[in-house]
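Engineer: With the sequence up front, the predicted model follows.
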Amino acid sequence: MRGRVTLYWVHLQWTFNVFLFLLLDWWILYRWSTWQNWTFFIFLFILLTPIVAFLLSVLLFPEHIENGYNFNQHFEVNRRWFFVLAALLPPLDFIDTALKGQQHLVAQGAIYPITIILLFVLMVIAAITSNKRYHAFFAIFFLIYILIFISINLRILS
């Protein structure tokens, strides 16, 4: 199959980025396991991030891959919706952090709201622009960001 499709490295990078995000998300979601005051709202809210990540995965790959399929074109066709959905993730993360309490939110440090705003803005820009250099930059930037975030969260969950 590899010889019969046209791969696009930015598309492949976003595939890997979404995979890493899902790993991190499930690790962080484990913090909810000690939550005492479960409500249906909390349950539904916790499902939102994995649902959005699933939809991102759906947008990254076609239902059927035909001979001669071009993933560069596929990425361009789905880019806008991919990044519109991805732009939901930073605000969802902030709400998730805030729901865990003021102390937990403050413990994230001053850099946390800055990174949330930055990622949101970069996602919105990615949804708007078709500039290939921007998308190449952002795919690598997000990889570095998620790897740093993973390294910070390797500690024991509390």
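Structural biologist: All right, it came through fine. These figures come from a predicted structure and were not determined experimentally.
Engineer: Can you name the residues in contact with the helix or strand bottoming out on mean pLDDT in the chain?
Structural biologist: When each helix and strand of the chain is scored by mean pLDDT, DSSP states H and E, helix 102-107 comes last, with a mean of 90. Contact with helix 102-107 is made by 97-98, 112, as judged by C-beta atoms under 8 Å, 6 or more residues apart in numbering. C-betas here are computed from N, CA, C, even on glycine.
Engineer: Kindly export that helix (C-alpha atoms) in CSV.
Structural biologist: Presented in CSV, the C-alpha positions along helix 102-107 are these (Å, rounded to 0.1, in the frame of the first residue of the first chain):
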residue,chain,number,x,y,z
GLN,A,102,-9.1,26.4,42.6
GLN,A,103,-6.0,24.9,44.3
HIS,A,104,-5.5,22.5,41.4
LEU,A,105,-5.9,25.4,38.9
VAL,A,106,-3.4,27.6,40.8
ALA,A,107,-0.9,24.6,41.1
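Engineer: unless I'm mixing things up, Thr97 is touching Gln108, no?
Structural biologist: Yes - if you go by C-beta atoms under 8 Å, Thr97 and Gln108 touch, sitting 6.1 Å apart.
Engineer: In which helix or strand does Phe41 reside?
Structural biologist: helix 40-60 (DSSP states H and E).
Engineer: Mind listing what's buried along whichever helix or strand comes after that helix?
Structural biologist: For helix 40-60, the following helix or strand on the C-terminal side (DSSP H and E) is helix 71-86. Residues of helix 71-86 classed as buried: 71, 74-76, 78-79, 82-83, 85-86 (neighbour count, 16 or more other C-beta atoms under 10 Å).
Engineer: ditto for stretch 134-141
Structural biologist: Buried residues in stretch 134-141, counted by 16+ other C-beta under 10 Å: 135, 138-139.
Engineer: How many residues are close by Leu24?
Structural biologist: 16 (other C-beta atoms under 10 Å).
Engineer: angle of the strand or helix carrying it against helix 71-86?
Structural biologist: Assessed by DSSP H and E, Leu24 sits inside helix 9-29. Comparing the axes of helix 9-29 and helix 71-86 via axes from the mean of the first three to the mean of the last three C-alpha atoms, to 10 degrees yields an angle of 30 degrees.
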